[in-house]
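Novice: this one's structure only:
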């Protein structure tokens with residue numbers, strides 16, 4: 001279900017707007033060009049990268065961060081009848097968004113300082129929490145759930161790490 005900011009934009013609990021990177025798949029096809037209506041325009045989207053080999057069948061895919069394209073695909077008949085399926089959904093966030101939101105006043109400076117969009121894995125999250133000013137011990141950060149719990153308690157956000 002789309003967030004209040006459009007199909008490809010969500011808002012987390014800390015009031016930071018984030019985009020979604022969605023992978024759409026067409027199973028049973030290697031390539032396909034599909035046309036989608038956006039207002040009065042007709043847009044061609046290429047689903048590519050599918051393959052059939054000894055390890056299995058891989059669907060043709062299209063990956064987009066564009067909220068307009070996401071909405072067009074999800075409002076199409078092909079998506080509604082199950083021909084096109086949503087694959088992986090990633091919430092993405094970059095530092096320019098944080099700077100822009102601080103400048104326009106929709107995000108406080110404190111929230112921006114505790115947001116680390118460059119962190120994309122457990123090791124990077126662990127290093128941030130072990131450093132200043134958080135000073136956590138390695139024993140506190142043994143697995144993903146412990147790291148997420150400590151980050152929540154310390155008010156730290158890693159928007160690009162699932």
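Specialist: Looks like it arrived, so ask away. Not measured: the values here are computed from a predicted model. Numbering: from 1, shown residues only.

Novice: list the contacts of residue 120.
Specialist: Contact analysis of residue 120 by Cβ atoms under 8 Å, 6 or more residues apart in numbering lists 160, 161. For glycine as for every other residue, the C-beta is placed from the backbone atoms N, C-alpha and C.

Novice: apologies, that question was intended for residue 142.
Specialist: Contacts of residue 142 by Cβ under 8 Å, 6+ apart: none found.

Novice: quick one, domains of the chain?
Specialist: Following automatic domain parsing, one finds the domains of the chain at 9-92, 95-154.

Novice: weakest of these by average pLDDT?
Specialist: Of all those, mean pLDDT reaches its minimum on domain 95-154 (a mean of 75).

Novice: surely residue 24 meets residue 86?
Specialist: Yes: between residue 24 and residue 86 there is a contact under Cβ atoms under 8 Å: 6.1 Å.

Novice: pick out whichever of those two has more residues nearby.
Specialist: Using other Cβ atoms under 10 Å, the more surrounded residue of residue 24 and residue 86 is residue 24, with 24 against 13.

Novice: now that one: how far from residue 51?
Specialist: Distance, residue 24 to residue 51, by Cβ to Cβ, to the nearest Å: 17 Å.

Novice: excluding chain neighbours, what is closest to residue 130?
Specialist: Distances taken as Cβ to Cβ, 6 or more residues apart in numbering put residue 136 closest to residue 130, at 5.5 Å, once the chain neighbours are dropped.

Novice: I appreciate the help and will end here.
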